[in-house]
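K.L.:
predicted model and sequence follow; I will ask about them next.
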Amino acid sequence: MTIIYQLITVGIILLVAWNLFREKRLAEQMAAALVLIPLILRALMIR
């Protein structure tokens with residue numbers, strides 16, 4: 001069950017990272033970066 005959770009989280013991380021690099025506006029890039037931080041921590045099972 002944990003592996004499925006991590007795979008879903010990594011999939012969301014990839015989508016948000018793709019949006020981060022595709023976006024032109026700095027404010028949108030910063031918002032995506034702020035979303036990525038807790039997702040990466042969850043994928044690594046830190047929190």
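P.N.:
Happy to help now that I have it. Residues are numbered from 1 along each chain as shown.
K.L.:
what helices or strands is whatever helix or strand Asn19 lives in leaning on?
P.N.:
Mapping Asn19 onto the secondary structure by DSSP states H and E places it in helix 2-22. Under the contact definition 3 or more Cβ pairs under 8 Å, 6 or more residues apart in numbering; DSSP states H and E, helix 2-22 sits against helix 26-43. For the C-beta atoms, the positions are set from N, CA and C on the backbone; glycine is no exception.
K.L.:
ok and the helix it packs on relative to helix 2-22, angle-wise?
P.N.:
Inter-element angle recorded for helix 26-43 and helix 2-22: 160 degrees (by axes from the mean of the first three to the mean of the last three Cα atoms, to 10 degrees).
K.L.:
what comes up buried for helix 26-43?
P.N.:
Ala32, Val35, Leu36, Leu39, Arg42, Ala43 (16 or more other Cβ atoms under 10 Å).
K.L.:
which of those sits closest to Ala17?
P.N.:
Leu36 (6.5 Å; Cβ to Cβ).
K.L.:
what's the spacing between the closest one and Met30?
P.N.:
Using Cβ to Cβ, to the nearest Å, Leu36 is found at 11 Å from Met30.
K.L.:
leaving aside the residues next to it on the chain, what's closest to the most centrally placed residue in the chain?
P.N.:
Centroid check for the chain by Cα atoms, centre = their mean gives Ile13 as the closest residue, at 3.0 Å. Once flanking residues are discounted, Ile13 sits nearest to Leu39: 5.0 Å by Cβ to Cβ, 6 or more residues apart in numbering.
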